[in-house]
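Student: Just a sequence and a predicted model for now, questions to come.
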Amino acid sequence: MAETSADTPLVEMRHIEKYYGRVHALHDVNLTIRKGEIVGLLGDNGAGKSTLIKVLSGAVPYTSGEILIKGRPVSMTSTNDAIDAGIETIYQDSALVPQLSIARNLFLGRELCRGRVLGRLDQDRMNSIAGDLLKRVGISKNIPPTTPIGSLSGGERQAVAIARAMYFDSDLIILDEPTNNLGVAETQGVLRFVREARDKGHSCIFIAHNIHHVFQVVDRMVVMRRGTVVADDLSPKTSTIQDVEDVITGDHVAL
Amino acid sequence: MTDPATTTGAHPPEPGLARRLIAKPEFGPLVLLVVMIAVFTAINPAFASITNIGNALTFTVELGLIALAMTLLMTAGEFDLSVGSVFGFAPVVMWAFFNAGILPLPVAFVVALLIALGIGLVSGLFVTRLGIPSFLVTLGMLLVVRGSALWLTSGFPQRTWDAGEQWLAEVLVGDFFIGGLRIYMSLIWFILLAITLHLLLTRTRFGNWIQATGGNPGAARNRGVPTKRVKVILFMLSSAMAAFAGIISSIRVSAANPNSGTGYELEVIAMVVIGGTVLTGGRGTIIGTVLGC
């Protein structure tokens, strides 16, 4: 595969506008994600973070603007468009089906089948691939891939979802509040998976309310306020948590 | 990378056979069934008689056919209250066409099934496209379909005794004896369909989608599973199964009564739920439903 030139961004969103009826949810949003970087997306409730990632994952249509993937304009009209374009979104509550096994969740919507007509599942192959994958991401070695997701801990679930994105070779993994409701050790585990994904060449958008978690993992921070991007190149190395909080709340304008 | 040989050793010890059996969702209904048979036989030994078993197999199978399809629909997180009225309506349509000399019986049979599929399609589209809860949609459909059956027949049963010479009637409800036990063909249909739908639910991609649609609709949608299409197909299946069961019943009792099937929707849902399928969707078992019947 021809490598796109190094300066072509992985994802470029240009002048994205989104109206929900008369509510102006996104206002001239420009966002660039480069290959192999973790971008923290920050903003207060209602700042437009979730609308932005829903647009990027094809879950809601945008009113106007342009999305380019590896320099090529694409139309995002369904979640399948986004998945085909290499964008995988891991939502907090709607990433996995608790009643289904780990293996079935990994392949949900992309099942391996024997024979096309009947769609008979190739459970052995799915289970063995899932087993290998679980070992590779290093979640506890004694969980068989036939375990239902419902009996896993929150951290293990995030790990399965991230492993899925890595297995299907998504270029961009969007994580919506992946550390919510997790204990300290589990949070560290999830942050480790995110770094591993980056080291393997996947880009990530990391959304979290807990700025401490964001600071530990991201290369760059983008801040949204009132439906628009107000800062898109804050570095965790040069700014302090206080600086970022001020940008989020808008206090720095008053200064 | 770990050595593959170590992985099996790292698994927790396999639970014993008994424990695994108890953990299955079908275990509860199985126990219930065994206890029930034991208790009723103790109260009245005639319960276990050949005649009674034959009767039970005949009557429950007709409800059971609907319950099979309803299991899949409820696993996908919806239910259908109109099955009882479709059970009454489909045979009325079939016999009306046949008795009036408009259509030969097999064609009338197919037409009745197609109409049932259409009823399921309409319910499914109302639920998925307009976002109206299936409770309201199918309750409305129950009244519409029952009303149509009554209007079509002016409330009178359709005669079905001409069925005797029809091969279709034999295939659907012909009977034969095993020892003293009278078995109707409908039991064979029930067994075949139960096996097919069980394999569909547990072994196929579509079955996986059914479980995902009921288990976490958001996740299923995010993974590109066509949850709306899955639901519409299952509404159509349950409606067609209700029609199929109704037609079988009408041939067996030699009358297509527009009022038959009243209240069946609740009995069917009870069978499914007793069988271990959860009302909220996501988990369902055909084996359980079979026991629940």
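Tutor: Arrived safely. Residues are numbered from 1 along each chain as shown, chains lettered A, B, ... in the order given.

Student: Centroid-nearest residue for the chain?
Tutor: In the absence of a named chain, chain A is used. Nearest residue to the geometric centre of chain A (Cα atoms, centre = their mean): residue A:174, 1.0 Å.

Student: I was thinking of chain B, sorry if that wasn't clear
Tutor: Most central in chain B (Cα atoms, centre = their mean) works out to residue B:66, at 2.3 Å.

Student: Once you drop chain neighbours, what's closest to residue A:82?
Tutor: Setting aside the residues directly before and after it, residue A:82 is nearest to residue A:58 in space (Cβ to Cβ, 6 or more residues apart in numbering or on different chains), at 3.8 Å. Every C-beta, even on glycine, is put in place using the N, C-alpha and C of the backbone.

Student: To what extent is residue B:36 buried, counted in neighbours?
Tutor: Here the number of neighbours of residue B:36 (other Cβ atoms under 10 Å in any protein chain shown) works out to 11.

Student: Tell me which stretches of chain A form strands.
Tutor: A:11-20, A:23-33, A:38-43, A:64-69, A:72-74, A:87-90, A:113-114, A:120-121, A:172-176, A:203-207, A:220-225, A:228-234 (DSSP state E).

Student: could these go into CSV alongside distance to residue B:74?
Tutor: Formatted as CSV, the strands of chain A follow (distance: least, Cβ to Cβ, whole Å):
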stretch, distance to residue B:74
strand A:11-20, 33
strand A:23-33, 36
strand A:38-43, 39
strand A:64-69, 39
strand A:72-74, 39
strand A:87-90, 29
strand A:113-114, 25
strand A:120-121, 21
strand A:172-176, 30
strand A:203-207, 35
strand A:220-225, 42
strand A:228-234, 45
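
Student: Would you mind giving those strands as CSV with mean pLDDT added?
Tutor: Below are the strands of chain A laid out as CSV (pLDDT from 0 to 100):
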stretch, mean pLDDT
strand A:11-20, 89
strand A:23-33, 89
strand A:38-43, 90
strand A:64-69, 89
strand A:72-74, 87
strand A:87-90, 87
strand A:113-114, 83
strand A:120-121, 85
strand A:172-176, 89
strand A:203-207, 90
strand A:220-225, 89
strand A:228-234, 84
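
Student: looking at the ones you listed, which is closest to residue B:251?
Tutor: strand A:120-121 (34.4 Å; Cβ to Cβ).

Student: counting contacts, what elements does that closest one pack onto?
Tutor: Judged by 3 or more Cβ pairs under 8 Å, 6 or more residues apart in numbering or on different chains; DSSP states H and E, the packing partners of strand A:120-121 are strand A:113-114, helix B:205-215.

Student: Most tightly packed of the ones you listed?
Tutor: helix B:205-215 (a mean of 26; mean count of other Cβ atoms under 10 Å in any protein chain shown).

Student: May I ask which helix or strand encompasses the closest residue to chain A within the stretch 151-293 of chain B?
Tutor: Nearest residue of the stretch 151-293 of chain B to chain A (Cβ to the nearest Cβ) works out as residue B:218 at 2.9 Å. Here residue B:218, judged by DSSP states H and E, is contained in helix B:217-222.

Student: Can you name the next helix or strand after that helix?
Tutor: Next element after helix B:217-222 (DSSP H and E): helix B:227-253.

Student: how about the residue nearest to the centre of chain B, what does it touch?
Tutor: Listed by Cβ atoms under 8 Å, 6 or more residues apart in numbering or on different chains, the contact set of residue B:66 reads B:83, B:87, B:238, B:241, B:242, B:245, B:264, B:268.

Student: returning to what we had before: need the residues that contact the helix holding residue B:218.
Tutor: By Cβ under 8 Å, 6+ apart, the list of residues contacting helix B:217-222 reads A:57, A:59, A:79, A:89, A:91, A:93-97, A:108-109, B:77, B:209, B:212-213, B:227.

Student: want to try TSV for the helices and strands packed on strand A:120-121, with distance to residue B:114 as columns?
Tutor: Converted to TSV, the helices and strands packed on strand A:120-121 look like this (distance: least, Cβ to Cβ, whole Å):
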stretch	distance to residue B:114
strand A:113-114	30
helix B:205-215	21
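
Student: Pick out the shakiest of these, pLDDT-wise.
Tutor: Least confidently modelled of these is strand A:113-114, at a mean of 83 by mean pLDDT.

Student: Now do that one: which elements does it pack against?
Tutor: Using 3+ Cβ pairs under 8 Å, 6+ apart as the test, strand A:113-114 ends up in contact with strand A:120-121.

Student: ok so, going back, between the helix or strand where the residue nearest to the centre of chain B lies and helix B:227-253, how many degrees?
Tutor: Using DSSP H and E, residue B:66 maps to helix B:50-75. Angle, helix B:50-75 to helix B:227-253, by axes from the mean of the first three to the mean of the last three Cα atoms, to 10 degrees: 160 degrees.

Student: Show me the helices in the chain, by range?
Tutor: You didn't pick a chain, so chain A it is. A:49-56, A:79-84, A:102-106, A:123-137, A:154-167, A:184-199, A:211-217, A:241-249, A:251-254 (DSSP state H).

Student: Chain B, not that one
Tutor: B:4-10, B:17-23, B:27-43, B:50-75, B:83-99, B:105-129, B:134-153, B:167-173, B:185-203, B:205-215, B:217-222, B:227-253, B:264-274, B:286-292.

Student: Name the residues of chain A found near chain B, please.
Tutor: A:57, A:59, A:78-80, A:83, A:89, A:91, A:93-100, A:104, A:108-111, A:113, A:118-121, A:123, A:131, A:135-136, A:141-142, A:144 (Cβ under 8 Å from any Cβ of the partner chain).

Student: Just the buried residues from those residues, in PyMOL please.
Tutor: Selection of buried members from the residues of chain A next to chain B for PyMOL, criterion 16 or more other Cβ atoms under 10 Å in any protein chain shown:
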select buried, chain A and resi 57+59+79+83+89+91+94+95+96+97+98+99+100+104+108+109+111+113+119+120+121+123+131+135+144
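
Student: Show me the shaky parts of the stretch 1-150 of chain A.
Tutor: Counting by pLDDT under 70, the stretch 1-150 of chain A contains low-confidence ranges at A:1-6, A:138-141.

Student: Tell me the backbone dihedrals of the residue in it positioned nearest to chain B, please.
Tutor: Ranked by Cβ to the nearest Cβ, the top residue of the stretch 1-150 of chain A for proximity to chain B is residue A:94, at 2.9 Å. Phi and psi for residue A:94, reported as degrees, to the nearest 10, are phi -120, psi 50.

Student: Low-confidence bits of chain B, can you list those?
Tutor: For chain B, the ranges with pLDDT under 70 are B:1-25, B:47-48, B:160-165, B:179-180, B:277-284, B:286-293.

Student: Surely residue A:189 and residue A:157 touch.
Tutor: No. Between residue A:189 and residue A:157 there is no contact under Cβ atoms under 8 Å: 11.3 Å.

Student: What is the burial count for residue B:136?
Tutor: 12.

Student: From residue B:76, how far out is it?
Tutor: 18 Å (Cβ to Cβ, to the nearest Å).

Student: Enumerate every residue touching residue A:30.
Tutor: A:13, A:14, A:15, A:16, A:229, A:232.

Student: Could you turn the buried ones of these into a ChimeraX selection?
Tutor: ChimeraX command restricting the contacts of residue A:30 to the buried ones, with burial defined by 16+ other Cβ under 10 Å:
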select /A:13,16,229,232
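
Student: returning to that earlier point: to residue A:196, which of the helices and strands packed on strand A:120-121 lies closest?
Tutor: Of the helices and strands packed on strand A:120-121, nearest to residue A:196 by Cβ to Cβ is helix B:205-215, at 27.0 Å.

Student: Quick one: check that closest one for contact with chain A.
Tutor: Yes. Using Cβ under 8 Å from any Cβ, helix B:205-215 reaches chain A at B:205, B:206, B:207, B:208, B:209, B:211, B:212, B:214, B:215.

Student: if I pick the residue of the stretch 1-150 of chain A closest to chain B, what's in contact with it?
Tutor: B:216, B:217, B:218, B:219, B:221, B:222.

Student: Leaving out the residues flanking it, which one is nearest to it?
Tutor: Per Cβ to Cβ, 6+ apart, closest to residue A:94 is residue B:218, 2.9 Å.
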